[in-house]
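J.: Quick one, structure for this:
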Amino acid sequence: MQDLRCAIADHNKKKFVSITLQKEAAKRLFCFQCQSDASGGDITKSQLVSQLKLCDLDEVMEGNAYSVYNWPADDDGNKVKEYLLGYKSIEQQRKEIEDFFAQMKQKLNEQIENVKQLLVESLNATQFIKDEKLKQEEPEKKEVKKDDKKDDKKETKKDDKKETKKDDKKDTKKDDKKEDKKDPKKEEEKLDQTPTIENLKKHYDVIYDLTKIKTLIKENAKGDPNLLSAKINEYLNDPKKSEQIISMKKVFQGVMSGKVEFNQIASNRQALESYWESIQTSIQQWTQNQHKFGKVQWKFNPSKADQSKLIKQLAEDYKECAGAGLQSQIIYSETSFSEGQHGCIILFKEFDQKRAGSNGNFYVGVVKDDQKDKSPYGQGFRKDLFSQNGEGLNVRIGTDFNNMPPKMLAIKLDVDNNYFEVCDGKRTIVYGLEKESKLKGEKWRIYFWWNIAADRIQLIHSY
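T.: Modelled structure (predicted):
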């Protein structure tokens, strides 16, 4: 980059940082001290930059006539620059529309699939609740060995339900748009004045090309700054430039008078996006009203440990809640259990995509009543449902969980028989106690623990 230095005695050869490229300027090059002196303490730096139309000197040396702030310095050139930067060809607009509808179609298909799966999950939950209720009401049946006894006892067995797995959908990624960079051509001879975008761009590139200014700065970097300012002034005030600007204005006026109304297309897209949002809202409201679950006999309370008070309460009595994405938040059953069968069904609604890699955990477990308000590290029996190697619910870190159907968790605690398990919606056990684990004789609470995660859950049944 440039290394021009200020020659003013008490400015200690500070590096020039800005330049004004207006046609008329009492001073062109400014170091930081020059800027401070010019403001006089009466106006701010941003006001000074706007007032003197100062350009960053390093940006000028990069030579992009479309990205330098305060360049062009004249209103006509600035209008053309803004128009060219905002212009989109018919092909670009067509591609945007095609991309928009392709994405909307894909999202709509995902929403439809999610609604279907949610209703299936609802039926699974209803059946699960009925099964558990029957188990609690009827005495446990003992298996009888087949022999020559007088009265043969037959025991009906329930068929396991089978459910087909859906292939995970992969989001198709759109190719990034590529911009063709064209070097400005020196077409100072007979520029075409036909009112087209291409000709307007050629006029702009010729008039506002920074190559000449860059060359003057490089050639005079070690010389007198006043001489450099004089040469830049001579270049900017070349009468030929005034003629070129008049020619560019004619082309611009012609383009504006017969332009394609791409703003109308943009407004149509805004209307479509608004329509799509209303579709999504309608689907969400419909699904919320279509499924009813069992009774909630007990609810959750936040623990007093760690940062549990930051748990996001999304429904009354924490029947729907989410972690705060910070370290260690715990929520547990409002009731302790010392005997009998107890449990709950949880709808896992959202998976936190921003969790800190393998350090973002969501645990489910049981903890002793006298330890419920202590940090859960090493307390009770628990299982991390989301892990780097895909254990638990088999959802690996990085999986696009939000486009997958909701996950149902069934937690069952049988204190009398030293039994605790966590099942998914298909009643597949994802966690069970070791044989030597003992629950009987203690009071227990079912708990959930977020650690650097913000997963969202909903309590739909408890007993």
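
J.: What's the first helix or strand after the helix or strand of the chain with the lowest mean pLDDT?
T.: Within the chain, no helix or strand scores below helix 262-290, which has a mean of 60 by mean pLDDT, DSSP states H and E. Following helix 262-290 in sequence order, the next helix or strand is strand 300-302 (DSSP states H and E).

J.: Show me what that next one is packed against.
T.: Contacts defined by 3 or more C-beta pairs under 8 Å, 6 or more residues apart in numbering; DSSP states H and E place strand 300-302 against strand 329-333. No exception for glycine: its C-beta is placed from N, CA and C like everyone else's.

J.: and the strand it packs on, which strands flank it?
T.: Looking at strand 329-333 with DSSP bridges, its partner strands are strand 300-302 (antiparallel), strand 444-451 (antiparallel).

J.: Can you tell me which of the ones you listed is packed in deepest?
T.: Stretch with highest mean neighbour count among these: strand 444-451 (a mean of 26; mean count of other C-beta atoms under 10 Å).

J.: how much does whichever helix or strand comes after it deviate in direction from strand 444-451?
T.: Downstream of strand 444-451, the next assigned helix or strand under DSSP H and E is strand 456-462. Calculated by axes from the mean of the first three to the mean of the last three C-alpha atoms, to 10 degrees, strand 456-462 forms an angle of 170 degrees with strand 444-451.

J.: hey, where'd the helices end up in the protein?
T.: Secondary structure of the chain (DSSP state H): helices located at 32-39, 45-52, 57-62, 75-86, 90-137, 197-207, 211-219, 225-236, 239-257, 262-290.

J.: ok, the spatially closest residue to V251 that is not a sequence neighbour - contacts?
T.: Sequence neighbours aside, L200 is the residue nearest to V251 in space, at 5.0 Å (criterion: C-beta to C-beta, 6 or more residues apart in numbering). Residues near L200 by C-beta atoms under 8 Å, 6 or more residues apart in numbering: 80, 83-84, 248, 251-252, 255.

J.: The strands paired with strand 329-333: which one's closest to K27?
T.: Smallest distance to K27 across the strands paired with strand 329-333 (C-beta to C-beta): 60.3 Å, for strand 444-451.

J.: got the CA coordinates for that closest one in PDB?
T.: Listed next in PDB are the C-alpha coordinates belonging to strand 444-451 (Å, rounded to 0.1, in the frame of the first residue of the first chain):
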ATOM      1  CA  TRP A 444     -35.900 -40.100  43.900                       C
ATOM      2  CA  ARG A 445     -36.700 -37.300  41.500                       C
ATOM      3  CA  ILE A 446     -36.700 -37.500  37.700                       C
ATOM      4  CA  TYR A 447     -34.600 -34.700  36.300                       C
ATOM      5  CA  PHE A 448     -33.300 -33.200  33.100                       C
ATOM      6  CA  TRP A 449     -30.000 -31.400  32.800                       C
ATOM      7  CA  TRP A 450     -28.800 -29.000  30.100                       C
ATOM      8  CA  ASN A 451     -25.100 -28.300  29.900                       C
END
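
J.: rewinding a little: among the strands paired with strand 329-333, which comes closest to D75?
T.: strand 444-451 (56.3 Å).

J.: so where is the stretch 351-463 of the chain shaky, pLDDT-wise?
T.: 353-359, 377-379, 385-407, 425-430, 432, 434-436 (pLDDT under 70).

J.: ranges for the strands of it?
T.: With DSSP state E, counting those that start in this stretch as the criterion, the stretch 351-463 of the chain has strands at 361-368, 381-384, 407-414, 419-423, 429-432, 444-451, 456-462.

J.: Check these for me and report the most buried one.
T.: When those are scored by mean count of other C-beta under 10 Å, the highest mean neighbour count falls to strand 444-451 (a mean of 26).

J.: Next, the angle strand 361-368 makes with that one.
T.: Going by the same axes, to 10 degrees, strand 444-451 makes 160 degrees with strand 361-368.

J.: So what touches strand 444-451?
T.: Identification of contacts with strand 444-451 by C-beta under 8 Å, 6+ apart yields 300, 303, 311, 322-324, 327-333, 335-338, 342-344, 346, 359-369, 372, 376, 380, 382, 411, 413, 415, 457.

J.: let's go with 6 Å and repeat that
T.: Contact with strand 444-451 is made by 323, 328-333, 336-337, 361-367, 369, 372, 376, 411, as judged by C-beta atoms under 6 Å, 6 or more residues apart in numbering.

J.: Would you give the sheet partners of the longest strand anywhere in the chain, along with the direction of each?
T.: What stands out as the longest strand in the chain, according to DSSP state E, is strand 341-350. In the sheet, strand 341-350 lines up against strand 407-414 (antiparallel), strand 456-462 (antiparallel) (DSSP bridges).

J.: Could you dump the ones you listed into JSON lines with distance to G41 added?
T.: JSON lines is the format used below for the strands paired with strand 341-350 (distance: least, C-beta to C-beta, whole Å):
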{"stretch": "strand 407-414", "distance to G41": "63"}
{"stretch": "strand 456-462", "distance to G41": "54"}
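
J.: For D58, which of those strands is the nearest?
T.: Closest among the strands paired with strand 341-350, using C-beta to C-beta: strand 456-462, at 47.2 Å.

J.: could I get that closest one in PDB with only the CA atoms?
T.: In PDB, the C-alpha atoms belonging to strand 456-462 read as follows (Å, rounded to 0.1, in the frame of the first residue of the first chain):
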ATOM      1  CA  ARG A 456     -36.600 -27.500  23.900                       C
ATOM      2  CA  ILE A 457     -38.800 -30.100  25.600                       C
ATOM      3  CA  GLN A 458     -42.600 -30.400  26.400                       C
ATOM      4  CA  LEU A 459     -44.100 -32.500  29.200                       C
ATOM      5  CA  ILE A 460     -47.200 -34.200  27.700                       C
ATOM      6  CA  HIS A 461     -47.900 -36.900  30.400                       C
ATOM      7  CA  SER A 462     -46.800 -37.800  33.900                       C
END
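
J.: can you tell me which of the helices of the chain the model trusts least?
T.: Mean pLDDT is lowest for helix 262-290 among those, at a mean of 60.

J.: okay, now the domains of this structure?
T.: With domains defined by automatic domain parsing, the chain comprises 71-136+183-292, 300-462.

J.: Compute the first-to-last residue distance for the last one.
T.: Distance between the boundary residues of domain 300-462 (C-alpha to C-alpha, to the nearest Å) amounts to 10 Å.

J.: how near is the nearest residue to N361 once chain neighbours are set aside to C34?
T.: Once flanking residues are discounted, N361 sits nearest to N451: 4.2 Å by C-beta to C-beta, 6+ apart. Distance of N451 to C34, computed by C-beta to C-beta, to the nearest Å: 55 Å.
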